[in-house]
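Asker: Need coordinates for the below:
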Amino acid sequence: MEYIQITKENLEQEHICCAISNNKDIQVSSKKAWLRDRLDEGLVFLKSTERGKCFIEYIPAEYAWVPILADSYMYIDCLWVSGSLKGHGYSSDLLNACIADSKTKGKIGLCILSSAKKRGFLADPKYLKYKGFTVADEADNGIQLWYLPFAENAEKPQFKECARHPHTEAAGFVLYYTHQCPFTAKYVPILKQYADEKGIPFEVIHITDRKTAQNAPTPVTNYALFKDGKYLTNEVQNVNKFGKLRNG
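Answerer: Predicted coordinates for the structure are as follows:
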């Protein structure tokens, strides 16, 4: 497998989204705009040459759009390999490249979000454990911060206090999201329109800057859905999923 790193020079030409091939799709354009602004902050997006079917995206933790305290760590936004490419060691290639790059840049370890049991849109905890990651911290909603230190005495990363007890004060549904995940650009407006048509209280909060993301009331900021103050899910919802979740 050959890999290529995204730069400002090749961003427009390269395929970067999980399952979207049309470069004019709002999901692609929103993600590329988000990436473009992060590249100057040290974000690395390393992908296979096979139309982005496997990639890793990581950034120095001080620039990560999550409420964590992780000085000198590298934060992994996403490590994704499609089903047809699993089992060939590509995820290990990407993770090893991230480790080598992070050590070269003087980082003391890696960190990433996961959970005790596999959840959609989060790293697989079984894979992380296999690769030597352990849990550094956990929020009340079961979202965990895993880490891979490069030295035994490396200080553990942790969630900021605002993310330890995820909640909102508003009644009804409240959704926090960013364009770090490409699917939000399509499905958030659809869900909002559906809720409005059905008369469902539904507030949308689009996080558009790092400071807001780093002080959000949720450990997951690219998609966090609440109902009557209680955290529900980090999985991007379509109308059918939302209907089941709402009535469940």
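Asker: G106: what secondary structure?
Answerer: Three states are possible here, and by DSSP: H, G, I helix; E, B strand; the rest coil the one that applies to G106 is coil.
Asker: what sits against the residue most central in space within the chain?
Answerer: Compute the mean C-alpha point of the chain, and by C-alpha atoms, centre = their mean the closest residue is D77, 4.5 Å away. Contact criterion C-beta atoms under 8 Å, 6 or more residues apart in numbering gives 43, 57-59, 64, 180 as the residues in contact with D77. Quick note: C-beta positions are derived from backbone N, CA and C, even for glycine.
Asker: What of H165?
Answerer: Each residue near H165 by C-beta under 8 Å, 6+ apart is listed here: 139-140.
Asker: D40 - how many residues pack around it?
Answerer: The local packing count at D40 equals 9, with neighbours defined by other C-beta atoms under 10 Å.
Asker: any idea how far it is from Q144?
Answerer: Remark: distance between D40 and Q144 (C-beta to C-beta, to the nearest Å) = 30 Å.
Asker: got the phi/psi numbers for K227?
Answerer: With angles defined as degrees, to the nearest 10, K227 sits at phi -140, psi 120.
Asker: Could you check how many residues crowd around it?
Answerer: Residues near K227, counting by other C-beta under 10 Å, number 19.
Asker: sorry, back to before: give me the element the residue nearest to the centre of the chain is part of.
Answerer: Secondary-structure element containing D77, defined by DSSP states H and E: strand 73-81.
Asker: In PDB, list the C-alpha atoms belonging to that strand.
Answerer: Listed in PDB are the C-alpha atoms of strand 73-81, where the atom choice follows Å, rounded to 0.1, in the frame of the first residue of the first chain:
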ATOM      1  CA  TYR A  73       0.800  14.700  23.300                       C
ATOM      2  CA  MET A  74      -0.400  14.100  19.700                       C
ATOM      3  CA  TYR A  75      -4.100  13.600  19.400                       C
ATOM      4  CA  ILE A  76      -5.600  11.300  16.800                       C
ATOM      5  CA  ASP A  77      -8.800  12.600  15.400                       C
ATOM      6  CA  CYS A  78      -9.500   9.500  13.400                       C
ATOM      7  CA  LEU A  79      -7.900   6.200  12.300                       C
ATOM      8  CA  TRP A  80     -10.200   4.600   9.700                       C
ATOM      9  CA  VAL A  81      -9.800   1.600   7.400                       C
END
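Asker: That strand pairs with which strands?
Answerer: Paired neighbours of strand 73-81 in the sheet (DSSP bridges): strand 54-60 (antiparallel), strand 109-115 (parallel).
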